[in-house]
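Asker: Pasted the sequence and its predicted model underneath.
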Amino acid sequence: MVIAQESLAPGAGKALLDDVLAKSPPHQALRLSGVAAFLFGPDSARHVLAEVQEDWAAGAVEPTEAERSILEDLDRLFAGEAGEAVASRVESTLGWFGQLAVIGSERDEQRRNALRSPIMAAASWMMFQLVFMLMVLGGLALVGLVLLVLAIVWSMQGVMHSRLSLLTRHDGVYAETFAVWLIGFQVLMVIAAIVAGELPATLSMLVTFVAFLLSLAALVWPVSRGVTWSQVRLDIGWTRGEGVLREFGCGLLGYMAAIPIAGVGLVISMILILLTAPDEGAAAAAHPIVNELAGGGWWMRIQVLMVASIAAPIVEETMFRGVLYRQVRSSVSGWRTWAAIAASAGATSLIFALIHPQGLLAVPALMALAIAFCLAREWRGSVIAPMVMHGVSNGIVMTMLMLMT
């Protein structure tokens with residue numbers, strides 16, 4: 001982002017880099033010295049290193065031997081005193097940031113500009129793509145806000161009503177099913193990790209994809225407790241609704257209406273991050289799958305998209321909105337409709353957010369999305385629309401992350 005801003009508006013990148021450096025601990029500043037060298041030359045990078053040394057001398061942070069070593073290598077590199085061995089060590093230690101540092105330390109201006117050019121172009125292209133996607137999302141959010149207001153008005157007028165038929169028995173069979181799935185899912189994830197460790201790294205996410213789908217075997221539980229399979233399918237929303245294409249379209253409309261709801265949750269999460277983990281920023285609430293996106297090639301990225309946009313929506317919507325929400329919603333059927341929906345959506349969405357690996361700071365954002373999925377389940381009866389909403393949401397987020405990495 002810094003490189004893109006400097007490429008598109010000279011001077012803007014310097015202001016952004018200074019802002020980032022001011023909030024970065026020393027170990028991050030070492031990496032960012034490579035950005036400073038790449039954009040503004042070795043002297044700017046050495047200034048960053050001098051500030052890191054001042055922080056260490058002040059005793060604010062105790063550096064590791066590895067950090068001291070890389071600072072010495074960077075200092076020699078930026079001073080023009082490093083050989084190929086030092087440059088190679090910087091690149092292997094700091095990765096992409098090390099490459100920027102080596103390019104920035106190049107004394108031959110013509111060669112340096114030739115090396116900088118493709119990276120500057122790639123950064124600018126990334127910025128254009130992100131801005132375009134954000135503009136599209138902004139437009140969808142405006143449409144979604146209108147749809148959300150209309151849905152509220154129509155619900156109050158009785159024009160829009162719930163298609164969720166409540167359970168006639170509340171013996172907890174679907175609560176048991178959810179518990180069986182939750183335990184089975186964790187076991188399958190452990191097995192998947194073990195199996196993936198024996199396979200090439202390029203197949204690791206494919207194993208996860210299969211494990212996700214296998215966890216749906218938990219739906220055998222209500223059948224074993226005497227509920228017919230046809231009734232189970234009806235109860236959990238595995239139905240065509242008013243037609244697959246119509247339900248799919250309702251899922252797209254539902255996603256647009258979900259954006260304003262998700263936006264509220266995202267703002268709350270961002271405020272919590274700023275208050276509790278300002279140095280880490282968005283990384284404080286990032287999903288571990290981001291590492292797979294950043295470190296893998298296109299085949300790995302395709303697998304990540306398959307897990308995030310196909311397997312997760314099918315499995316999680318079935319178990320959370322299909323099984324758990326249905327059970328909780330039926331258990332409070334004696335309440336006023338709005339109160340029953342609010343309580344059921346709130347409780348199940350909190351569980352949904354808490355079991356995700358992003359941590360507590362991401363709970364408001366995840367919970368807001370889950371509430372939108374619950375409302376879609378209430379609206380359509382079938383889980384097709386929530387699955388589509390979930391898949392589109394994950395797909396857009398993954399695509400934006402792939403552009404950035």
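Answerer: On my side now, so go ahead.
Asker: where does the chain dip in pLDDT?
Answerer: 168-170, 279-286, 291-296, 405 (pLDDT under 70).
Asker: what's the residue lying farthest from the centre of it sitting at in phi/psi?
Answerer: Going by C-alpha atoms, centre = their mean, the residue of the chain most distant from its centre is residue 81, 42.2 Å out. When quoted as degrees, to the nearest 10, the phi and psi of residue 81 stand at phi -110, psi 10.
Asker: how near is it to residue 72?
Answerer: 11 Å (C-beta to C-beta, to the nearest Å). The way it works is simple: take the backbone N, C-alpha and C, and place the C-beta from them, glycine included.
Asker: can you check residue 335 too?
Answerer: 67 Å.
Asker: three-state assignment of residue 241?
Answerer: At residue 241 the chain is in coil, as set by DSSP: H, G, I helix; E, B strand; the rest coil.
Asker: need the contact list for it.
Answerer: 163, 247, 250, 380, 381, 382, 384, 385 (C-beta atoms under 8 Å, 6 or more residues apart in numbering).
Asker: Mind picking the one among the residues you listed that's closest to residue 64?
Answerer: Nearest to residue 64 among those is residue 385, at 51.0 Å by C-beta to C-beta.
Asker: Tell me, how many residues neighbour the closest one?
Answerer: 29 (other C-beta atoms under 10 Å).
Asker: Leaving out the residues flanking it, which one is nearest to it?
Answerer: Distances taken as C-beta to C-beta, 6 or more residues apart in numbering put residue 251 closest to residue 385, at 3.9 Å, once the chain neighbours are dropped.
Asker: What are the neighbouring residues in contact with that neighbour?
Answerer: Residue 251 neighbours (C-beta under 8 Å, 6+ apart): 376, 384, 385, 386, 387, 388, 389, 392.
Asker: Would you quantify the distance from it to residue 241?
Answerer: 10 Å.
Asker: try residue 348
Answerer: Counting by C-beta to C-beta, the gap from residue 348 to residue 241 is 20 Å.
Asker: for residue 103, what are its contacts?
Answerer: Counting by C-beta under 8 Å, 6+ apart, residue 103 touches 37, 38, 112, 115, 116, 119.
Asker: Next: residue 42.
Answerer: 77, 78, 79, 80, 104, 105.
Asker: Out of those residues, list just those in helices.
Answerer: The helices, defined by DSSP state H, take in 77, 78, 104 from the contacts of residue 42.
Asker: Without its sequence neighbours, what residue ends up closest to the first one?
Answerer: Nearest residue to residue 77 in three dimensions, chain neighbours excluded: residue 105, at 4.8 Å (C-beta to C-beta, 6+ apart).
Asker: now do the last one
Answerer: Among residues not flanking residue 104 along the chain, residue 37 sits closest, at 2.7 Å (C-beta to C-beta, 6+ apart).
Asker: Let me know whether that neighbour touches residue 107 as I believe.
Answerer: No - Residue 37 lies out of contact with residue 107 (C-beta atoms under 8 Å); the separation is 12.0 Å.
Asker: more neighbours, those two?
Answerer: Applying other C-beta under 10 Å to residue 37 and residue 107 shows that residue 37 carries more neighbours, namely 27 against 8.
Asker: Now do the SS call for that one.
Answerer: helix.
Asker: same check, this time on residue 391
Answerer: Under three-state DSSP, residue 391 comes out as helix.
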